[in-house]
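Asks: structure here, sequence nowhere to be found:
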């Protein structure tokens, strides 16, 4: 049975870009390009926002979580709020002493074992999976730090340690990571999906004032372009 | 522009860009770079405003935002501070607070009756009869005051921003720039702010012709060109941890600095004498600003009153600008031997040592001055009226001393000490990371201030860990104070103003002290000195001197008032910023919009109140939704409910302690009602507690309490040290409640498990799929019919909602909103926590003793409830009905009061007209002795009339619960 899934930002993006090009990733429509791809690449250099909510993610909590993840071949970040990359472009962040946030790359989890172990995590002793349906954004461009200064009291320009940061953005608790994606410096931002539309609109309002805008997901995940299923 | 001077070195105006504007209906022109006030002055206007209380004529006084004599407005904005607001093309301005225009203000008559209006007169005159006070209050508010806000204009948005730096330097004069250069030279990120449009501080107006100052400034300006210098930016408030609010025209910037150098300078202070407020009387620095910054001649024939060398420089500046300087009046018994005094003598200006100005003679209409009265001073500094001389003039420039601009220093937690030598307060101690420099630090002289700035900049760098070989020694302060200790010469027959903002004059202080308001903070509140727009920048130190004089004290014994943000007025638009209003959307909010939902706010959420239909009233739409649930099926978005998962070996014990009920023996797959109290036994939330496995629970909370309950649970988990893992799924799971006699049939067509009562009974929980989507199913009965809450992954909520809608359509399924749900639950007398309870309600008052299992070892609130339980109840929640024929106008509303023997004994918590029962039903807190079914009681309506209701047993609908449990 076809069970369509939707990003928390789907309505917001579709409303503004009804003719965007999209593809289907695991029953979820993903907007590849919202405007002209060349223009999107230009925006990505200045200030661009894209929806990455389609990436599967999960949190594992509990005293047995670290050992369980290691058994799946997943690296464990040593310190609190430290982040480690996963094969295939995903990441794992230590969000508590025994709490781990994992997000898959665009082509899946690092291995079949990891995929099986994380997609349907069984309730093993001391391991408690937490469903995550975040709104997930990729933000790039030379004025990205400036954008954050309009909406956050955290110094994203000055602090360049690469750890995950929990901080209010425009009044909503978000997790923000300064990292690179395909060699491009970006900010990743996650927030509760129910606040996703609000955060999207708020960031976009500021981004537009700074000559930025929204772009399609393919700008940051070009591997999706081959999935374009529209004429 | 009759008073415009030829081009002046360093002037701020751009003569190539003329600007046309209007003031009080007349057309004028100015230049880009003019302030509103300087442009008016250039056109020969002296009378520019009316005072706050007495409507006296006012003109330029400080030209520096230290007074608000020139407040103007246009159709959009009011209370525009003319002194510091740049002129713009096409401005159509008028003075605020006038009745009939500036020149013909009808309320100038108030000044004639001023002897009957001493400070505090309204406290005494209008307090009785009490009923008339609102009348007098309105009249007084109309007469006294500033501009009126145009409430019909659309809101202006000002973006706010955060910023960060190593060293924030406030003040871009010689001290500030030197500090910035020193700190930046050590590799620190430095930001300099200054409220003036250009850096330079006093160099812009006070050091004309001083070659050494000019040379130093050239170096400073060139070096600072590479720094981040933000002009026209006010440091409006100083908060903890060097968090400084910076306000510019566009936005409020929340600057977090690691260290701060305050080089805010000093504010020139006025002398107090008769009619010292009239147009033409101004601070010497105001006259110098007019000349050097705006190329405007301040007046034609002037007198300079001084107590320092700065006044002599002002006299020379005036003469150079073409003003006939009639005399320099020096308050000091002897003058310095400096060259500046010699230059004045050489210029042919008459100097009166040991004299004071005691009175300004008004010109016709009190709109200016025609002369000043000068008296010699005796050995005690008192004027000798017998030897008065009168000097004709149309302007007086005062330079009698300075007060440090210490507002931010105090706000930061700094302490000041009085320097008798300097006659000003100087820093005594400062919080770590805060450094004062320049005049604020009691250092005067352009080079000296620069040197002190360098010292402060290096000290800030050292504080931030920079290695400094040697920080220069403490500054040398002037041997002779530039500030006169008591420039106050009260005139017996005229007002001698101390606070121009609030129209507080010398006699007001004497009267206040006589009436017992003789402590500085008391006097401030009684007389309102320092409480005006300028926050006492020109008034505070003279007020303290007067109080000290009246009480025979010293200035430090008298003390100072408290400095609070904001240093300058900040518009509400700036404070509001962008106006973030976080809005949570359930994953199916878009579906509701498409169905015509009318939304209501529930915390951050917007929930469908009801679904509008063409040609159907809201009441009819709600009733139809209720009927659909009672007769067929309804579906409601319950994604806003809190959804928490509690796992771990101690999860059962944790639940047992959190909720008042008993859960230890619950079998996996079952659910129970859960009631939460705080430690005082007050109900704080309720919901469902479902056991998924021996070590896993899934609980729901009310929409509004979801965040608070989760935080509270985390707190208790840590305190108790139990092995539990808590996780919130509130945002990750969508939720739909399907209810009604046909709900099971609809669901059965979509679910992958048997929904029969035998397999899936009332209060059961299952995990399964619906339309192929995995979900959690809770058999509930909140609305009194067979019902099932489906909690699915948020990303699949639209799919589930759409599938239910499509499958249920042939069965008459209909979405229903919060209003219908409230009716349905009230028919079942199910309470809503925080509507049917308040911040004091315990379970016994809510008639929910059944939910409290007092015999278990512990739960939060148990100890309090054990104390409460034996005591007689003061109120209890009971159901009631109104007679069927009650007209709509006579139906009470929620929160209407229950009256017994003219006393309030309770209130209505919920009430509605039940479409199912065709009767008005409700819940109310009533006296326990009046809570028996059949007991009548009275409810008072808005119009004061009383209606009679009758207590009935609850639930109102399906009392046996057959429909929800079958």
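Replies: It's in. Bear in mind that the values here come from a model prediction, so they are computed numbers and not experimental data.

Asks: okay, and the residue in the stretch 151-300 of chain B positioned nearest to chain A sits in which element?
Replies: The nearest approach of the stretch 151-300 of chain B to chain A comes at residue B:164, 4.3 Å away (CB to the nearest CB). To be clear about C-beta, it is placed using only N, CA and C from the backbone, and glycine gets the same treatment. Using DSSP states H and E, residue B:164 sits within strand B:160-170.

Asks: ok now the next helix-or-strand element following that strand, how far from the chain's centre?
Replies: Going down the chain from strand B:160-170, the next helix or strand is helix B:174-184, by DSSP H and E. The chain centroid and the centroid of helix B:174-184 are separated by 33 Å under CA atoms, centre = their mean, to the nearest Å.

Asks: what average pLDDT does helix B:174-184 get?
Replies: Average pLDDT, helix B:174-184: 98.

Asks: one more: stretch B:576-596?
Replies: Stretch B:576-596 comes out at a mean pLDDT of 94.

Asks: ok, now stretch B:653-664?
Replies: For stretch B:653-664, the per-residue pLDDT averages 97.

Asks: any idea how far residue B:566 is from residue B:539?
Replies: Separation of residue B:539 from residue B:566 (CB to CB, to the nearest Å): 17 Å.

Asks: pLDDT-wise, which helix or strand of chain A ranks last?
Replies: When each helix and strand of chain A is scored by mean pLDDT, DSSP states H and E, helix A:112-119 comes last, with a mean of 83.

Asks: so what does that helix touch, helix or strand wise?
Replies: Judged by 3 or more CB pairs under 8 Å, 6 or more residues apart in numbering or on different chains; DSSP states H and E, helix A:112-119 is in contact with no other helix or strand.

Asks: following it, which helix or strand comes up?
Replies: strand A:128-131.

Asks: which residues are in contact with that following strand?
Replies: A:58-62, A:65, A:118, A:121, A:123, B:645, B:647-648, B:725, B:727, B:729, B:732-733, B:793 (CB atoms under 8 Å, 6 or more residues apart in numbering or on different chains).

Asks: what are the buried residues along stretch B:709-718?
Replies: Using 16 or more other CB atoms under 10 Å in any protein chain shown as the test for burial, stretch B:709-718 gives B:709-710, B:712-713, B:716-717.

Asks: who in the stretch 151-300 of chain B is up against chain A?
Replies: B:159-164, B:254, B:256 (CB under 8 Å from any CB of the partner chain).

Asks: pull out the buried members of those residues.
Replies: B:159-164, B:254, B:256.

Asks: thinking again about what came up before, measure the residue of the stretch 151-300 of chain B closest to chain A to residue A:148 for me?
Replies: From residue B:164 to residue A:148 the distance is 11 Å (CB to CB).

Asks: joint contacts of these two?
Replies: residue A:157.

Asks: secondary structure element holding residue B:453?
Replies: Residue B:453 belongs to helix B:446-463, assigned by DSSP H and E.

Asks: where does chain B have low pLDDT?
Replies: B:336-337 (pLDDT under 70).

Asks: can you tell me the centre-most residue of it?
Replies: Taking CA atoms, centre = their mean, the centroid of chain B lies closest to residue B:575, which sits 6.5 Å from it.

Asks: need the longest helix for chain A.
Replies: Secondary structure of chain A read by DSSP state H shows that its longest helix is helix A:196-209.

Asks: how about residues contacting the next helix or strand after it?
Replies: Following helix A:196-209 in sequence order, the next helix or strand is strand A:213-214 (DSSP H and E). For strand A:213-214, contacts defined as CB under 8 Å, 6+ apart pick out A:13, A:16-17, A:34-35, A:43, A:47-50, A:204, A:207.

Asks: out of those, which are buried?
Replies: A:13, A:17, A:34-35, A:43, A:47-50, A:204, A:207.

Asks: among those residues, which are located in helices?
Replies: A:13, A:43, A:204, A:207.

Asks: now the helices: where do they sit in chain A?
Replies: Using DSSP H, the helices of chain A run over residues A:10-16, A:37-46, A:65-71, A:112-119, A:144-151, A:196-209.

Asks: need the least confident one among the ones you listed, by mean pLDDT.
Replies: Across the helices of chain A, the lowest-scoring stretch is helix A:112-119, with a mean of 83.

Asks: in chain A, which residue sits furthest out from the middle?
Replies: Max distance from the centre of chain A (CA atoms, centre = their mean): residue A:125, 29.1 Å.

Asks: check contacts around the residue lying closest to it once chain neighbours are set aside.
Replies: Of all residues not flanking residue A:125 in the chain, residue A:64 sits nearest, at 6.0 Å (CB to CB, 6 or more residues apart in numbering or on different chains). By CB under 8 Å, 6+ apart, the contact list for residue A:64 reads A:124-127.

Asks: next: residue B:478.
Replies: Here residue B:478 is in contact with B:422, B:443-445 (criterion: CB under 8 Å, 6+ apart).

Asks: relative to chain A, how far out is it?
Replies: Here residue B:478 is placed at a distance of 40 Å from chain A (CB to the nearest CB, to the nearest Å).

Asks: can you list the residues of the stretch 151-300 of chain B next to chain A in JSON lines and add distance to residue A:226?
Replies: As requested, these are arranged in JSON lines below (distance: CB to CB, whole Å):
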{"residue": "B:159", "distance to residue A:226": "40"}
{"residue": "B:160", "distance to residue A:226": "43"}
{"residue": "B:161", "distance to residue A:226": "41"}
{"residue": "B:162", "distance to residue A:226": "41"}
{"residue": "B:163", "distance to residue A:226": "43"}
{"residue": "B:164", "distance to residue A:226": "42"}
{"residue": "B:254", "distance to residue A:226": "45"}
{"residue": "B:256", "distance to residue A:226": "46"}
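
Asks: could you list the residues in contact with the helix or strand that contains residue B:823?
Replies: Using DSSP H and E, residue B:823 falls within helix B:818-827. Helix B:818-827 is contacted by residues B:600, B:602, B:607-610, B:618, B:622, B:625-626, B:629-630, B:634, B:636, B:739, B:782-785, B:816, B:832, B:910-912, B:914-917, B:921-923, B:955-957 when judged by CB under 8 Å, 6+ apart.

Asks: tell me the contacts of residue B:535?
Replies: Residue B:535 neighbours (CB under 8 Å, 6+ apart): B:407, B:563, B:567.

Asks: surely it is within a strand?
Replies: No - secondary structure of residue B:535 (DSSP: H, G, I helix; E, B strand; the rest coil): coil, not part of a strand.

Asks: pop out the phi and psi values for it.
Replies: Main-chain dihedrals, residue B:535, degrees, to the nearest 10: phi 60, psi 40.

Asks: re earlier: any chance of a PyMOL selection covering the buried ones in the contacts of residue A:64?
Replies: For the buried members of those, the matching PyMOL selection, counting by 16+ other CB under 10 Å, is:
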select buried, chain A and resi 124+126+127
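
Asks: okay, the contacts of residue A:64 in CSV with distance to residue B:879 and pLDDT next?
Replies: Output for these, formatted as CSV (distance: CB to CB, whole Å; pLDDT from 0 to 100):
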residue, distance to residue B:879, pLDDT
A:124, 49, 74
A:125, 49, 78
A:126, 48, 89
A:127, 48, 92
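
Asks: how close does the residue sitting furthest away from the middle of chain B get to residue B:966?
Replies: Residue farthest from the centre of chain B, counting by CA atoms, centre = their mean, is residue B:758 at 60.0 Å. Applying CB to CB, the value for residue B:758 to residue B:966 is 11 Å.

Asks: got it, and residue B:288?
Replies: According to CB to CB, residue B:288 and residue B:966 sit 92 Å apart.

Asks: tell me which of the two has more neighbours.
Replies: Using other CB atoms under 10 Å in any protein chain shown, the more surrounded residue of residue B:288 and residue B:966 is residue B:288, with 27 against 12.
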